[in-house]
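**Student:** Have a look at this prediction, sequence included:
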Amino acid sequence: MFKNYFKIAWRNLIKNKIYSIINILGLAAGMAVAILIALWIYDEVTFDKYHNNHKQLAQVMTTYIDNDGKMETGPAVCMPIGDELRNKYGSDFKNISMASWNFGHVLAVGEKKITAQGVWVESNFPSMFSLKRLKGNMNGLNDPSSILINASLAKTLFGDADPINKMIRLDNKDNYKVAGVFKDFPHNTTLYDVKLFLPWKKYITTEQWLKDAATQWNNHSWQAFVQVADNINMEKETQKIKNVVMVHKNEKREGKEQAYIFPMDKWHLYSDFKDGKPTGGRIQFIWLFLIIGVFVLLLACINFMNLSTARSEKRAKEVGIRKTVGSVRSQLIKQFLSESVLVAFVSFIFSVLFVILLMPLFNKLADKNIELPWSNGFFWLIALAFTFITGLISGSYPAFYLSRFEPIKVLKGTFRAGRFASLPRKILVVVQFTFSIALIIGTVIVYKQIQFAKNRPVNYRSEGLITINMSTPDLYGHYDAIRSDLLATGVVDDMAESSSPTTNVWSNQIGFNWQGKDPNTLPSFGTIAVTEDFGKTIGWKLKEGRDFSKDFATDSLAMILNESAVKQINMKDDIVGQTIQFNDKKFHVIGVIKDMIMESPYKPVTPTVFLYDRNWANIITIAIKQDAPVKDALSKIENVFKKYNPAAPFDYTFNDEDYAKKFADEQRIGDLATFFTILAIFISCLGLFGLASFVAEQRKKEIGVRKVLGASTYNLWQMLSKEFALLVIISCFIAIPLAWYYLHHWLHQYDYRTTISWWVFIVSGFGALIITLITVSFQAIKAAIANPVESLRTE
């Protein structure tokens, strides 16, 4: 029986080639979108699942609480917290490891010098994070002179030679022995960029300030990771340990903070915090693209439904004869469903081909490294089930609709579809274009928000700045000599050093006091140490007062504020010339600069103070002359750095490129939305093209009569197009309020946001209308210019 069903289904596909191609292409495109989105979502929800202990691993976060109860949560913790947790709550944790931040280190093996990202960690870190051993010993960090490197770094440094026990010089300071080689972390892990792990035992003895930090509860410059015991609930444990730091601090003088255990399984998708708890993050994109995937697939199914029901009169006699010879309705339903399932499976084959072709572009847009899991049997089982369900969904309405025809009316020739037979098709077309128009509006608003933030004045030089990390000791203590040699190249405007780059604020401090300050408040300020040439180098904009200068000996205790800092201080008198106390030193304010966008362009500027301090600086910023060829300038700058820092490669970043990365998430979402919008519109237009073709064929005789009676091509085009145009206009009226509602809520997550302009809705609706008319016009004009004799010769 089923063999017969599929034989008839195949014959129908071959007989109606145009409609079959439209159905298969539409379903294939919809299924390809669904597969791509499913793979993307799987990659996102399995983030960090590479680690065997991911359900027990967590990072200790710090929630800062101001006097108004406002909370701000971040990953930086003080160094003593590790030992404190071990000593007081040891039974609650299997492992605890302190860690530094992920920084670039200069590695040298013989004449080969490269820069790689590395983290200083305690010896139990590799077992906590289940590093996959390839060679050597993963317990090697017990030895303070040993390190662990990943496979790609081992290949780069040693080629095919065995790296175990080989020596690597780190930052031109110390030599370390390779104790083990671990497998590279996959792309969907937090530690993906980490190439080597270094011994914490060595790190805490390298400099005096690190030795002192072991007892400093206010110095939040590190990370802490824990592996909880099997029976421990992380939320309950947070309540237990939240005051672990406060018992060592004076709240009134040093501020209030709480510890929070942040589970690894939430790191990627729930990175946004509110009131000290994770509330959202990338999870919103999971839901967004899940909805898009479902709707795009639904669009393809609607195409199948519409074309199948539109051709109902052509198959009415078939249904009548089958019922006359004894077929019951259930058999007819199975017949029509078998046709749709066959189309779905043929479409699935094409969808896999589409996925293979689109995957490189998709990975580029999504910044992923996704592949089709060819060897995963479970994936293909799910894919086949998904295909079967898609076939049932797309064929359900046509099957029940066609199988209800009455054989007497059909065979007598009195069967007509009726006035309202096309109503369900019109409703489905409206659903299609409502979704497509909403997607167009959403995509435009995403790009409008990105452009709005990009147009925000950064208030410093945006081009020609490069940043170099002072990663080796060779660069320290040569500020004047390096600056003099750089200026002598003729390609450099200026050079300066600082403790943060222009695209970030690495340090926030409390403990500032001034006349008139509320003694019950402990405001925090971004704190950046700079050399006297920093302002000239980056081109910051002075609003009041003067810049730092080595001509004034008193500038060693001088301070420059940004506008946000001035507002936070809220001093009644002119701020320039006032005294502000910090770290038991009295600083005098010499100037105020306009707010620079150093962090997120979507958020308010952090109140920031700039101090003149050469000893704290660890970043070099160079301003290249605007008329200098960049390649030539970099070559000359590199020669200067080789003179002072021969042990390290010349690594630099362009500041404008670093700033552009701040838009990466929104840009990526915009690109993906555009990608899916184009496919959604393609699927909708494909179905519209098929419907227009059917309507033109159905009304062929009417068109012939009208043409004989004098109707022009324009009149006929208008007659055939206006019905589809009306449906799109109805779709606009539904899509616009829905899009406005959801986009209004989406934009409110940004402090600095664009407005939803009326022209966005007009342009999107008009664009959808133009696309519709272009799609329909081909068939409409083709029918209008046809020779009426051909359509009327049978009458």
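**Tutor:** Happy to help now that I have it.

**Student:** Quick check: the gap between Ala453 and Trp209.
**Tutor:** 37 Å (Cβ to Cβ, to the nearest Å). (C-beta placed from N, C-alpha, C; glycine too.)

**Student:** Sorry, wrong one. I was asking about Ser731.
**Tutor:** Going from Ser731 to Trp209 by Cβ to Cβ gives 64 Å.

**Student:** Could you do Lys631 as well?
**Tutor:** Distance from Lys631 to Trp209, counting by Cβ to Cβ: 40 Å.

**Student:** on that earlier part again, Ser731 and Trp209: which has the busier surroundings?
**Tutor:** Taking other Cβ atoms under 10 Å, Ser731 and Trp209 do not tie; Ser731 has more neighbours (25 against 10).

**Student:** Where does the prediction get shaky in the stretch 1-150 of the chain?
**Tutor:** For the stretch 1-150 of the chain, the stretches with pLDDT under 70 are 1-17.

**Student:** now the strands for it?
**Tutor:** 57-65, 71-74, 77-78, 93-99, 103-109, 112-121, 133-136, 146-150 (DSSP state E, counting those that start in this stretch).

**Student:** Likewise for the stretch 201-350 of the chain?
**Tutor:** 220-228, 256-263, 272-274, 277-280.

**Student:** between those, which gets nearest to Glu497?
**Tutor:** Closest approach to Glu497 among the strands of the stretch 201-350 of the chain (Cβ to Cβ): strand 220-228, 19.3 Å.

**Student:** Return the set of buried residues in that closest one.
**Tutor:** Residues of strand 220-228 classed as buried: His220, Ser221, Trp222, Gln223, Ala224, Phe225, Val226, Gln227, Val228 (neighbour count, 16 or more other Cβ atoms under 10 Å).

**Student:** Pairing partners for Trp222 in the sheet, please.
**Tutor:** With beta bridges defined as DSSP bridges, Trp222 has these partners: Val77.

**Student:** pLDDT score for it?
**Tutor:** In this model, Trp222 is scored at 92, pLDDT.

**Student:** now Val530
**Tutor:** 94.

**Student:** Grab the nearest non-local neighbour of it.
**Tutor:** Excluding the flanking residues, the one nearest Val530 by Cβ to Cβ, 6 or more residues apart in numbering is Ser498, at 4.5 Å.

**Student:** got the contact list for the one you found?
**Tutor:** By Cβ atoms under 8 Å, 6 or more residues apart in numbering, the contact set of Ser498 is Ile528, Ala529, Val530, Thr531, Phe534, Ala617, Ile619, Thr621.

**Student:** let's see 10 Å
**Tutor:** For Ser498, the contacting residues are 467, 506, 528-531, 534, 537-538, 610, 613, 616-621, by Cβ atoms under 10 Å, 6 or more residues apart in numbering.

**Student:** pLDDT below threshold where in the chain?
**Tutor:** Applying pLDDT under 70 to the chain picks out residues 1-17, 252, 254, 307-329, 332, 397-422, 694, 696-698, 784, 786-795.

**Student:** Which strand or helix spans the most centrally placed residue in the chain?
**Tutor:** Centroid check for the chain by Cα atoms, centre = their mean gives Asp665 as the closest residue, at 3.5 Å. Assigned by DSSP states H and E, Asp665 belongs to helix 664-698.

**Student:** My guess is Gly293 contacts Ala300. True?
**Tutor:** No. With contact defined as Cβ atoms under 10 Å, Gly293 and Ala300 do not form a contacting pair (11.2 Å).

**Student:** follow-up on the earlier one: out of the strands of the stretch 1-150 of the chain, flag the one nearest Gln239.
**Tutor:** Here strand 57-65 is closest among the strands of the stretch 1-150 of the chain (Cβ to Cβ), at 12.6 Å.

**Student:** ok, the closest one: who's next to it in the sheet?
**Tutor:** With DSSP bridges as the test, strand 57-65 is paired with strand 71-74 (antiparallel), strand 220-228 (antiparallel), strand 256-263 (antiparallel).

**Student:** can you redo these as JSON lines with distance to Phe378?
**Tutor:** Shown next, in JSON lines, are the strands paired with strand 57-65 (distance: least, Cβ to Cβ, whole Å):
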{"stretch": "strand 71-74", "distance to Phe378": "37"}
{"stretch": "strand 220-228", "distance to Phe378": "29"}
{"stretch": "strand 256-263", "distance to Phe378": "26"}
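
**Student:** thinking again about what came up before, just the buried ones out of the contacts of Ser498, please.
**Tutor:** The neighbour count (16+ other Cβ under 10 Å) marks 467, 506, 528-531, 534, 537-538, 610, 616-621 as buried among those.
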